[in-house]
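Asks: requesting a structural model of the entry that follows:
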Amino acid sequence: MTSPALDAALADIDTVFNGFASPDETGCGRCHLPHEVAFLRTPHVRVPPDVLRQFVFEVPDHFDDHAASMRRLLPQTARAMADGSLDGVGWGAHGLSRVDWRSWPAEQAAAIEAFLHAWWEDVLTAPEPPYPVDEIFETCAAISGTVTPLLDQWLPRSVADTHLVHCAGLWLPDLLDDLSPFCWLQRAEDTAVEELQSWLARYAPDRLRAQGEPGLAEQAAVLALPQEQRWDRLD
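Replies: Numbering: from 1, shown residues only. Coordinates of the predicted model:
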């Protein structure tokens, strides 16, 4: 069950992007069948889940108008992300991360921003989110182009701290070596790594210890040190 805030954000996406299409779209003749491309030209028609997934994670140069195609698909895409039926979240390069949606009309950009905020907030309170929490974080960060709002929302709460244990265990081995733990973050990756290191060093140790993870807590704490000193402290 989704939260009222996420339901409202999805309803807003439905309203704002209702009736969009890419009317002159021809698609990639080798990758997409004619009847599949026809969905992009035709508003108000549900796209089969396998075709939706193919288009959402397709490279932009396979479209005549990639941004228009993403707007056409957005209502169904957002709902599939929220209910867990969009295969590829967290490890595929999401189409919204490849368009400059912040430059779209204000109402459209605000609807996308509100959806990402509401989806992540819903995940932080869900013991069993529709995808692994690290994959949702990565998808939201890639679409947003920043980790800042995601970290700002990650306040100390029981379920949220359980998710923090999961993510810290996956991210810390890379972060301790100043490497990115993200495969598909396409913008601001260097600053995202630095910001994630700083946030974990400042806020995560006490929360991880409270979850019975002293080893992860110590690893998070040493992220505040220069790289050459971290492993000496952990030895």
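Asks: C-alpha only now, for contacts and for neighbours.
Replies: Noted.
Asks: distance of residue 191 from residue 138?
Replies: Distance of residue 191 to residue 138, given as C-alpha to C-alpha, to the nearest Å: 14 Å.
Asks: more neighbours, the two?
Replies: Higher neighbour count among residue 191 and residue 138: residue 138, with 22 against 12, using other C-alpha atoms under 10 Å.
Asks: what ranges do the helices span in the protein?
Replies: Counting by DSSP state H, residue ranges of the helices within the chain are 4-16, 34-41, 49-56, 66-83, 106-124, 133-144, 148-153, 158-175, 189-210, 214-221, 227-234.
Asks: just these: most buried one?
Replies: A comparison of the helices of the chain by mean neighbour count, using mean count of other C-alpha atoms under 10 Å, puts helix 133-144 on top with a mean of 23.
Asks: contacts for it?
Replies: 89-91, 94, 96-98, 113, 116, 120, 123, 147, 150, 163, 166-167, 182, 184-187 (C-alpha atoms under 8 Å, 6 or more residues apart in numbering).
Asks: right, and residue 58 touches residue 97 too?
Replies: No: with contacts counted by C-alpha atoms under 8 Å, residue 58 stays clear of residue 97, the gap being 11.5 Å.
Asks: if we can go back for a sec, reformat the helices of the chain as CSV; add mean pLDDT and distance to residue 26.
Replies: Putting the helices of the chain into CSV (pLDDT from 0 to 100; distance: least, C-alpha to C-alpha, whole Å) gives the following:
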stretch, mean pLDDT, distance to residue 26
helix 4-16, 98, 25
helix 34-41, 96, 6
helix 49-56, 96, 13
helix 66-83, 98, 11
helix 106-124, 98, 24
helix 133-144, 94, 25
helix 148-153, 97, 36
helix 158-175, 97, 41
helix 189-210, 93, 33
helix 214-221, 97, 49
helix 227-234, 89, 50
